[in-house]
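*Asks:* Below are the sequence and a predicted model; questions follow.
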Amino acid sequence: MVRVVVLFLAIVACAGAGLFVWTAQSTKSRNAAAMMPVAEHAPTAASFAMESATQFHVRHLKDFHYEPSEKIRTIVPSDSTLDGITPVKWHYVGPQVARPVPLVVLFHGRDRTGLSMIEMWYETARNNGFAILAPTAPSGNWPYEAPSPYVLEKMIEQLHETHQIDRKRVFLFGHSAGAVYAQALLNKTKGPWRAAALHGGFLPASHQIVPQEPKPYRAYVGQHEKAFELDDIRASGEEMARRGVTNELIIIPQHTHWFYDIGDQIAADSWAWFGSLSTP
C-alpha cells in the first residue's frame, strides 16, 4: 500500500510539473504570436514635436517620499492573473455603467506597485468615466526586452466581466521603468492599445522595431530629469518619427524625475491627449 501511494504521488508530481512546463510554453508561444511584424518597406516619415509645457504646477519638495494613501489602499479592489505559472496582482477602478468604457493600463516605476499609479489617476478616471488597470511587476521591474502582451490581454478580459471595456479605446501609461515597458508594448506587440503616454522614461530607438502598424506616443520629461538624458530622448523621438511613429516630447520646467508631485496633473493632461486622438 505504501508503495502504491508513493507511486501515485510521483505520478501527480510529474503531471503537475508537466502542466507547469506546458503553461509556460503556451504563454511564451502566445506572446510570440502577438509580436508586431516589422514593416517590409520604408515607412512614410511621421511628425516629431517638442514643446515646453507651463500648465503644470510643480511643487518644490524637501522630502521625496511617497506611499499610497490609506484611502486608496482601502477602497481600490485587486485581482490576479497567471503569467505562465507566476501570479500577477493588479488593481483597478471602473465606472458601473451599462456601456463599454475606455481603459488606461498603468505601469509603475521600479519597485513600486500598481496602487501608486492608481492613486495618481484615480480622480481623472472617476471624473471622466473610464477604467484604469494597474498591474504590479512580480520582480519589481518590467521585462521590456520581452514584453508580455498575453497576460495583459487576460487581465483586460477579466476586467471586462465586471466593467465593459471598449477595446477600440485602450491606452497605455507608464512612469520611469513603466514608461520603458509601455513603449516596448506599444512598439513591439499587437495588443488593443492605441497609444501611450510616458513619464520620466523611454525605450531607445536601438531597442525598437520599425512597426508594421505604428502607434503614436507622448513623452513627458522634467527639465531637471536625471535618470535619462534629454538629448537621448529627443534623438529617439526623432528617429521613431523617421520610422513612421508620430510622437511628442513635452518638457516640464522646474520638474525632475519625481512623478508623485504632479502625477495627478500628468494623468489629466494625458487623458486629454488620448481623447484628442481620432477614433479608428
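*Replies:* Received it, and whenever you're ready, just let me know what you need. On a predicted model such as this, the values are computed, not experimentally measured, just so you know.
*Asks:* residue ranges with poor pLDDT in the protein?
*Replies:* Applying pLDDT under 70 to the chain flags residues 1-25, 278-280.
*Asks:* residue boundaries of the helices in it?
*Replies:* 2-33, 70-75, 114-128, 149-160, 177-188, 230-242, 263-276 (DSSP state H).
*Asks:* Mean neighbour count, those: which tops it?
*Replies:* Neighbour counts (mean count of other C-beta atoms under 10 Å) averaged over each of the helices of the chain peak at helix 177-188, with a mean of 26. To be clear about C-beta, it is placed using only N, CA and C from the backbone, and glycine gets the same treatment.
*Asks:* got the CA coordinates for that one in PDB?
*Replies:* Extracted in PDB, the C-alpha atoms of helix 177-188 (Å, rounded to 0.1, in the frame of the first residue of the first chain):
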ATOM      1  CA  ALA A 177      10.700  51.800 -15.800                       C
ATOM      2  CA  GLY A 178       7.000  51.500 -16.500                       C
ATOM      3  CA  ALA A 179       7.400  54.100 -19.300                       C
ATOM      4  CA  VAL A 180      10.100  51.900 -20.900                       C
ATOM      5  CA  TYR A 181       7.800  48.900 -20.700                       C
ATOM      6  CA  ALA A 182       4.700  50.800 -22.100                       C
ATOM      7  CA  GLN A 183       6.700  51.900 -25.100                       C
ATOM      8  CA  ALA A 184       8.000  48.300 -25.700                       C
ATOM      9  CA  LEU A 185       4.400  47.000 -25.600                       C
ATOM     10  CA  LEU A 186       3.300  49.800 -28.000                       C
ATOM     11  CA  ASN A 187       6.100  49.300 -30.400                       C
ATOM     12  CA  LYS A 188       6.600  45.500 -30.400                       C
END
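*Asks:* what's that helix packed up against?
*Replies:* In terms of contacts (3 or more C-beta pairs under 8 Å, 6 or more residues apart in numbering; DSSP states H and E), helix 177-188 is packed against strand 101-107, strand 165-175, strand 193-199, strand 217-222.
*Asks:* cutoff 7 Å now
*Replies:* Judged by 3 or more C-beta pairs under 7 Å, 6 or more residues apart in numbering; DSSP states H and E, the packing partners of helix 177-188 are strand 101-107, strand 165-175, strand 193-199.
*Asks:* returning to that earlier point: which one of the helices of the chain lies closest to residue 211?
*Replies:* Ranking the helices of the chain by proximity to residue 211 (C-beta to C-beta) places helix 177-188 first, at 5.8 Å.
*Asks:* coming back round to it: let me have the helices and strands packed on helix 177-188 in CSV, adding distance to residue 137 as columns.
*Replies:* As requested, the helices and strands packed on helix 177-188 are arranged in CSV below (distance: least, C-beta to C-beta, whole Å):
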stretch, distance to residue 137
strand 101-107, 8
strand 165-175, 11
strand 193-199, 16
